[in-house]
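Visitor: sequence-free structure coming up:
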């Protein structure tokens, strides 16, 4: 019997993230990680364990409950993950077992054990590996787990650039764990590539500069849906300030600021990497004083009926699962903050057919443009 089987994973919830019958707060990669690392976790000194990428708290709370671990440092890119962890911890009376950290030195300083849910982005993995190799204890051991269908040999290669040994566990229930150790000395580490950088011609007097942290969706690239949307934003209503909901790497926020010099920009995302990337993008375009960038659950930080213009390129997946729930949540929250007559401009993959939902949740929705892949709509708040 596995060690992790004695922890009640089924008691964990995803809220405030989308709850649905086909979505759960843990998977077999979490249980395999805890079982594989059990020998090191048992008796580990307080403050020596770091957890990175814990979706809803399974790794953090499993470690605390199974091994009595305390002073666990945990980093979760989505704010919804942090909120879910806190909610699950309260239910299990484990609120004092961990501390939330950002993806920076304090997360892994002198850590001897790192539990890592492998990110799907290789850039994200490299940024994490570099951070651990630069600041963790010399004898740090990394347990990096994931679902086999999302793992590639390139992940082994990336870990191998920063650590002397990388081995793979046996597969179990379609999951596997990579174990890395022996961090390389600073002089042997490859040069940092972060933040990622790119520039794009979007019809403005100067190229649009994009910057991105490793975990930002799409990196420093200009998302094709966003590229299709941008020229049509000149048709959006005038507003003293515009909101970029789900700001990603900041492309929309920067474009709005560049094309509306008299308006302020509010940019928001639940992703830590996205918020950091947007700040870097605004600075790279000389717009650092023009935007307020906020990490938040949707638009929870804005008052009802307070805005005239919201722009959104919604995600159509939650983690690795294709699901429309997050887009519907964002549509509804945009409707909440818009004044009557305010506009929500949205670009979406045409096959998703969001127009009926936009009509229902926001107000009358008109198609502005369409190509074989994307549809741009404007919804006017009733």
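Guide: Structure's in. What do you need? As the structure is a computational prediction, the values presented were derived from the model and not from experiment. Residues are numbered from 1 along each chain as shown.
Visitor: which non-adjacent residue is nearest the most centrally placed residue in the chain?
Guide: By Cα atoms, centre = their mean, the chain has its centre lying nearest to residue 271, at 3.8 Å. Closest residue in space to residue 271, ignoring its immediate chain neighbours: residue 77 at 5.3 Å, by Cβ to Cβ, 6 or more residues apart in numbering. Every C-beta, even on glycine, is put in place using the N, C-alpha and C of the backbone.
Visitor: swap in residue 338?
Guide: residue 381 (4.0 Å).
Visitor: against residue 330, how distant is that neighbour?
Guide: Distance, residue 381 to residue 330, by Cβ to Cβ, to the nearest Å: 15 Å.
Visitor: sorry, back to before: what pLDDT does the residue nearest to residue 338 get?
Guide: pLDDT for residue 381: 98.
Visitor: cool, residue 20 as well?
Guide: For residue 20, the predicted pLDDT is 77.
Visitor: for the protein, what are the low-confidence residue spans?
Guide: 1-2, 316-324 (pLDDT under 70).
Visitor: by residue count, what's the longest strand in it?
Guide: Taking DSSP state E as the criterion, the chain has its longest strand at strand 338-349.
Visitor: by contact count, what packs against it?
Guide: Counting contacts by 3 or more Cβ pairs under 8 Å, 6 or more residues apart in numbering; DSSP states H and E, strand 338-349 packs against helix 224-229, strand 307-312, helix 325-337, strand 374-380.
Visitor: buried deepest among those, which one?
Guide: strand 307-312 (a mean of 25; mean count of other Cβ atoms under 10 Å).
Visitor: which strands or helices does that strand pack on?
Guide: For strand 307-312, the packing partners by 3+ Cβ pairs under 8 Å, 6+ apart come out as strand 241-245, helix 325-337, strand 338-349.
Visitor: out of those, flag the one nearest residue 110.
Guide: Residue 110 lies closest to helix 325-337 among the helices and strands packed on strand 307-312, at 36.7 Å (Cβ to Cβ).
Visitor: what about the helices in the stretch 51-200 of the chain?
Guide: If DSSP state H, counting those that start in this stretch is used as the criterion, the helices of the stretch 51-200 of the chain fall at 58-67, 79-92, 105-108, 122-135, 153-162.
Visitor: out of those, which is the most enclosed?
Guide: Comparing the helices of the stretch 51-200 of the chain by mean count of other Cβ under 10 Å gives helix 58-67 as most buried, with a mean of 24.
Visitor: and it with helix 79-92, angle?
Guide: Computed with axes from the mean of the first three to the mean of the last three Cα atoms, to 10 degrees, the direction of helix 58-67 lies at 20 degrees from that of helix 79-92.
Visitor: packing partners of helix 58-67?
Guide: If contacts are counted by 3+ Cβ pairs under 8 Å, 6+ apart, helix 58-67 sits against helix 28-36, helix 38-41, strand 49-52, strand 72-75, helix 79-92, strand 113-117.
Visitor: and that helix, how far from the chain's centre?
Guide: Counting by Cα atoms, centre = their mean, to the nearest Å, helix 58-67 is centred 22 Å from the centre of its parent chain.
Visitor: one more: stretch 172-192?
Guide: Centre-to-centre, stretch 172-192 and its host chain are 21 Å apart (Cα atoms, centre = their mean).
Visitor: buried residues in that stretch?
Guide: Buried residues in stretch 172-192, counted by 16 or more other Cβ atoms under 10 Å: 172, 175-181, 183.
Visitor: quick revisit: surely the residue nearest to residue 338 is in contact with residue 344?
Guide: Yes: using Cβ atoms under 8 Å, residue 381 is in contact with residue 344, at 7.4 Å.
Visitor: okay, these two: which has more neighbours?
Guide: Shown here are residue 381 and residue 344; by other Cβ atoms under 10 Å, residue 344 has more neighbours (28 against 21).
Visitor: OK, contacts around that one?
Guide: Going by Cβ atoms under 8 Å, 6 or more residues apart in numbering, residue 344 touches 310-312, 331, 334-335, 338, 358, 362, 378-379, 381.
Visitor: and the helices of the stretch 51-200 of the chain as TSV, adding distance to residue 242?
Guide: Shown next, in TSV, are those (distance: least, Cβ to Cβ, whole Å):
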stretch	distance to residue 242
helix 58-67	37
helix 79-92	22
helix 105-108	33
helix 122-135	29
helix 153-162	38
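Visitor: of all the ones you listed, which one is nearest residue 246?
Guide: Here helix 79-92 is closest among these (Cβ to Cβ), at 12.2 Å.
Visitor: tell me what that closest one is packed against?
Guide: Using 3+ Cβ pairs under 8 Å, 6+ apart as the contact test, the elements touching helix 79-92 are helix 58-67, strand 98-100.
Visitor: distance to residue 217 for those - can I get that in TSV?
Guide: Formatted as TSV, the helices and strands packed on helix 79-92 follow (distance: least, Cβ to Cβ, whole Å):
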stretch	distance to residue 217
helix 58-67	22
strand 98-100	21
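Visitor: closest one to residue 15 among those?
Guide: With Cβ to Cβ, the closest approach to residue 15 among those belongs to helix 58-67: 14.7 Å.
Visitor: tell me the angle that closest one makes with strand 113-117.
Guide: 140 degrees.
Visitor: quick one: work out the angle between helix 58-67 and helix 28-36.
Guide: Going by the same axes, to 10 degrees, helix 58-67 makes 30 degrees with helix 28-36.
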